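below are the sequence and a predicted model; questions follow.
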Amino acid sequence: NRFCAASNNRTGFLCDDKVTCVPASHVCNRIRDCRNGEDEQEKLCDDLPSSLPGYLVFHCSNPLYWIYADQRCNGMNDCGDCSDEMESLAACPACGSEWWSCTPVLYEYCTCIPKRLCRDGIQHCASWSDEYIC
């Protein structure tokens, strides 16, 4: 089993050295993160996503799409339909302290926007709460 927790407690892939934990989204990206290159082996990467261990993959609500498991609940709409950010399918926690909860007008985000976008003179929330309340 090569499951490990990478930075920010995200799903990762354990290298042969049993120390290096590569974030899931860095597996099969054509860059050797493990010293021996096991994160880029043909057997692992030849038929994505079915060739990957299940813990590295998150299946979006649309069966044609998948993302790496460490992209789930990262605040970004990686699936294109927000299924990777929804509590029901992805089991994501509520917005963190660095996020503002609202219905975003940009489809880049799903249920929260980064607080750094608050009061920047640009509407990011349908209710304009990012400009007047946040």
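Happy to help now that I have it. These numbers come from a predicted model, not from an experiment. Numbers count the residues shown, from 1 in each chain.

please report how far the residue nearest to the spatial centre of the chain lies from Ser51.
The chain has Gln71 as the residue nearest its centroid, 1.0 Å off, counting by C-alpha atoms, centre = their mean. Gln71 sits 18 Å away from Ser51, going by C-beta to C-beta, to the nearest Å. For glycine as for every other residue, the C-beta is placed from the backbone atoms N, C-alpha and C.

do the same with Thr20
21 Å.

buried sites along the helix or strand bottoming out on mean pLDDT in the chain?
When each helix and strand of the chain is scored by mean pLDDT, DSSP states H and E, helix 87-90 comes last, with a mean of 80. Buried residues in helix 87-90, counted by 16 or more other C-beta atoms under 10 Å: Leu89, Ala90.

helices of the chain, start to end?
42-45, 87-90, 129-132 (DSSP state H).

which one of these lies closest to Thr103?
Of all the helices of the chain, helix 129-132 sits nearest to Thr103, with 9.2 Å by C-beta to C-beta.

any residues touching that closest one, and which ones?
Contact with helix 129-132 is made by Trp100, Cys102, Ile113, Leu117, Cys118, Arg119, Asp120, Gly121, Ile122, Gln123, His124, Cys125, as judged by C-beta atoms under 8 Å, 6 or more residues apart in numbering.

does the second one touch Pro114 like I think?
Yep, that's Cys102 we're talking about. No - Cys102 lies out of contact with Pro114 (C-beta atoms under 8 Å); the separation is 11.5 Å.
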